[in-house]
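Chemist: Sequence first, predicted coordinates after that:
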Amino acid sequence: MKKIALVTGATAGIGKETALMLAKNNFDIIITGRRNNLLEELSNEISNEYNVNVLALNFDVRDRDKVNEVLLNLPKEWKNIDLLINNAGLASGLSTIQEGNIDDWEKMIDTNVKGLLYVSRAIMPTMVSRKKGQIVNISSIAGKETYANGNVYCATKHAVDSLTKAMRIDMLPHGIKVSSVAPGAVETEFSIVRFHGDKEKADNIYKGFEPLIAKDIADTIEFIITRPANVNINDILIMPTAQANSSHLLKE
Ligand code: NDP
Ligand code: 8X3
């Protein structure tokens, strides 16, 4: 029988590449995100290329009522989710705390921490009752270190690391694997979003070195989900070769 995966934030970057990787691995896939046109595009791409079913769900992970309305009322054939990829997330702004934009802070906390929790809270009980499932949370090097001006984003990703550890404890009696992947710089829409649509500023971030690409992270997730039953990968920190840590990046 085919397995079912749900990927949050599948309209771009890491989430999109992960959804394609899962289709290649024969998962039926639930893809989610706010941009409906991109969900439709990805849905068509997957349906045209792979022999799997796709369900596109258009919601904002920050909207607790909507998350529950959609995820607690999945069509019967989609209810038994085997794999949850908590990927939806963002950085918004880059500044000191004393000059920080509070709307940016709320966006990051509400998406990266509360959104991840809302989605997990809706999906985990079915995994528990089936004693079956796997969860992969997308953290970041920002969840391991705190870099200048990264404050609130770093705090949200530290929270993702902490919640991953907590989920692993909660899921232990139920045989459900929980992992996290913590990437360094990956060239996606991430920096465009961080700089509020300023593409030039975003492009500069990736100039002069070879960043990771979304496929590198999808490949890492593929490794995690294809381990034998007795093996759980707790956490993978993956960096571009040119990046030693958040503050040591070798640029030409
Ligand atoms: P992208 O901006 O390319 O993709 C982010 C995805 O998240 C989009 O599909 C977006 O969809 C979705 N998303 C954002 N906010 C919401 C929301 N409120 N509700 C639903 N979906 C949402 O960035 P990445 O692919 O790089 O980011 C994916 C994850 O990887 C994030 O958690 C990020 O923090 C993490 N990460 C990224 C790194 C990088 O350097 N790129 C490094 C380390 C971690 P839509 O806009 O359609 O809602
Ligand atoms: C994204 C990577 O270094 O911009 O999480 O925080 S970084």
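Modeler: Perfect, thanks for sending it. Here the structure is a predicted model, which is why all the values come from computation and not from measurement. Ligands and ions are numbered 1, 2, ... in the order given.

Chemist: Could you use CA atoms for every contact and neighbour count after this?
Modeler: Will do.

Chemist: Any idea how far stretch 57-73 is from the middle of the chain?
Modeler: Distance of stretch 57-73 from the chain centroid (C-alpha atoms, centre = their mean, to the nearest Å) equals 16 Å.

Chemist: Please see if that stretch touches ligand 1.
Modeler: Yes - using C-alpha under 6 Å from any ligand atom, stretch 57-73 reaches ligand 1 at 60-62.

Chemist: Going by neighbour count, list what's buried in that stretch.
Modeler: Residues of stretch 57-73 classed as buried: 57-62, 64, 67-68, 71 (neighbour count, 16 or more other C-alpha atoms under 10 Å).

Chemist: Over to stretch 230-249?
Modeler: So, applying 16+ other C-alpha under 10 Å, buried residues of stretch 230-249: 232-233, 235-236, 238-240, 242-243, 245-246.

Chemist: Show me what the host helix or strand of E17 is packed against.
Modeler: E17 is part of helix 13-24, with elements assigned from DSSP states H and E. Packed against helix 13-24 by the contact rule (3 or more C-alpha pairs under 8 Å, 6 or more residues apart in numbering; DSSP states H and E) you find strand 4-7, strand 28-33, helix 36-49, helix 214-225.

Chemist: For the residue positioned nearest the centre of the chain, which residues are in contact?
Modeler: In the chain, the centroid-proximal residue (C-alpha atoms, centre = their mean) is N87; its distance is 1.1 Å. N87 makes contact with 7-10, 14-15, 137-138 under the criterion C-alpha atoms under 8 Å, 6 or more residues apart in numbering.

Chemist: Make a markdown table from those and add distance to ligand 2, pLDDT and neighbour count to it.
Modeler: Formatted as a markdown table, those follow (distance: C-alpha to the nearest ligand atom, whole Å; pLDDT from 0 to 100; neighbours: other C-alpha atoms under 10 Å):
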| residue | distance to ligand 2 | pLDDT | neighbour count |
| --- | --- | --- | --- |
| V7 | 18 | 99 | 24 |
| T8 | 16 | 99 | 27 |
| G9 | 15 | 99 | 27 |
| A10 | 17 | 99 | 27 |
| I14 | 11 | 99 | 26 |
| G15 | 14 | 99 | 27 |
| N137 | 13 | 99 | 23 |
| I138 | 9 | 99 | 28 |
